[in-house]
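**Q** Sequence first, predicted model second:
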Amino acid sequence: MKVLLANHVPLIGSTSGTNTLNLALHLHALGHSVTVLTPEHGIDSGYPFEVRNLIFSNGTNAEYDVDFNFPCFTPHPRSETTFYELTDDQVGEYIAAWDDALTRAVRDVKPDILHTQHAWVTPFCARKLRIPYVLTVQGADLMGLRNDERFVDMVQSAVAGASSIIAVSRQVHAEALELLKIPDRKTIVIHHGFDENIFQPKTLDRPVILAQHGIKTDAESLVVFADELTRFKGVDVLLKAAALYEDELDLVATVIAGTGELEDELKAVAGEFCLKDTHFVGATTSHRIAELYNVADVVAVPSRVEPFGFRAMEALACGTPVVATQEGGLPDFVSAAVGALVDVDDPRALADAIMEQIRTGAKKTKGPHAAGCARDSFAWSKVADRVAWVYEDALSKEV
């Protein structure tokens, strides 16, 4: 099968990009011919599948005659531009750029099916091409509709023309049905996956792994957070919880991996709370994150908003209990059997749940079950199989 994947952001630098990359890699491994179309500042290369790029301005060059960087739902490491700050004229230019890029890609690749990674501009453009298309509702796109009504009619037109609609969690599915007025029979929940080649249980030396990040500590227990440092990820709540569990639990350290718009502010908050053993290590690779998860006693996911929660899934795949909020897709796979769920914005509950996992040795008792559940249900190789079935079903409807 020839598959064209279209995403509003590059393959590197965001959750959506990472998931598109993993889907492309695993569809390719299943024997499908895959082409990916994304915005970028230059030409992507080095992948086992074809990548085509819309080149947006980064101050030096641009393929499309626009005076703005590629827009996102939230700031991207290579673009601070969001959809909501675009003028009406810029929205028109953005749509025209995707119209042109998708038309050329369909003409050149001749795909059997097109899969757009958000309910946003790309499926709206796809509807004009008379080709079967599937779209995934990620959650950020629903947030986008609430933030900017200019896109509502466009998105409703896009979902009306889709052969099938994938939602990344039960909550996103419920919100999509309500907000987009789409029939339930047209939708299916398929969670994102994790890369089982990277995220798996390993026996590692904690001091050695921490030393790679410049951390020297005598802590006997380790809490890890790895994600964007933005408000909706709730890192400030974790810092408040750390002030509590550092006071009540002996020799516990916290590692915070990631960057984002609140990085300086969060470091200042850590200083205000006089946190003794909390370390910000900045952005790092997936392999390094997997190492941190493996040497952690518990991984914290204190999100205020979390359509899916793939960082929590990656932690479970490494055999580490997760304490997460009862938000978005997290309750779909985080339970007392593999960790704990707490209310959003409740540092006391977060601290208590983290301490409970440490005191009861949950890493040993829950870890193997967590890794097995993740591997059996959420490995990308299995997720890609489910997505390919959706493609086949969509194509059968066209016959």
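**A** All right, it came through fine.

**Q** my hunch is that L145 is in a helix, does that hold up?
**A** Yes: with DSSP: H, G, I helix; E, B strand; the rest coil as the criterion, L145 is assigned to a helix.

**Q** Could I get the full set of strands for the stretch 151-300 of the chain?
**A** Across the stretch 151-300 of the chain, reading from the start of the chain, the strands by DSSP state E, counting those that start in this stretch fall at 164-167, 187-189, 221-226, 252-257, 278-282, 298-301.

**Q** After the last one, which helix or strand is next?
**A** Put plainly, it is strand 298-301. The helix or strand immediately downstream of strand 298-301 is helix 310-317, counting by DSSP states H and E.

**Q** who's in contact with that following helix?
**A** With contact meaning CB atoms under 8 Å, 6 or more residues apart in numbering, helix 310-317 is reached by 15, 18-19, 191-194, 196, 199-200, 224, 226-227, 289-290, 293, 296, 299, 301, 322, 324, 330, 333-334, 338-339, 370-371, 373-375, 378-379. Bear in mind the C-beta positions are built from the backbone N, C-alpha and C, glycine included.

**Q** Let me see the mean pLDDT of the longest helix seen in the chain.
**A** Under DSSP state H, the helix in the chain containing the largest number of residues is helix 88-109. When the per-residue pLDDT values of helix 88-109 are averaged, the result is 95.

**Q** Name the residues of it that are buried.
**A** Burial within helix 88-109, assessed by neighbour count using 16 or more other CB atoms under 10 Å, is assigned to 90-91, 93-95, 97-99, 101-102, 105-106, 109.

**Q** Could you dump these into TSV and include distance to L5?
**A** Formatted as TSV, the entries for the buried residues of helix 88-109 read as follows, by distance: CB to CB, whole Å:
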residue	distance to L5
Q90	25
V91	23
E93	23
Y94	19
I95	19
A97	17
W98	14
D99	17
A101	13
L102	11
A105	10
V106	13
V109	11
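
**Q** Could you find the closest non-adjacent residue to S157?
**A** What sits nearest to S157 in space, not counting adjacent residues and going by CB to CB, 6 or more residues apart in numbering, is F124, at 6.0 Å.

**Q** where do the helices sit along this structure?
**A** Assigned by DSSP H, the helices in the chain fall at 15-29, 88-109, 121-126, 140-147, 152-161, 170-180, 206-211, 235-248, 263-272, 286-295, 310-317, 347-359, 362-378, 380-398.

**Q** Tell me which of these is the most buried.
**A** Among the helices of the chain, ranked by average contacts under mean count of other CB atoms under 10 Å, first place goes to helix 310-317 (a mean of 28).

**Q** Just the CA trace of that helix, in CSV.
**A** Once side chains and other backbone atoms are set aside, the C-alpha atoms of helix 310-317 remain, and they are given as CSV (Å, rounded to 0.1, in the frame of the first residue of the first chain):
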residue,chain,number,x,y,z
PHE,A,310,3.2,8.9,25.6
ARG,A,311,6.0,9.8,28.1
ALA,A,312,4.0,7.9,30.7
MET,A,313,3.7,5.0,28.3
GLU,A,314,7.5,5.0,27.6
ALA,A,315,8.2,5.0,31.4
LEU,A,316,5.9,2.0,31.9
ALA,A,317,7.7,0.2,29.0
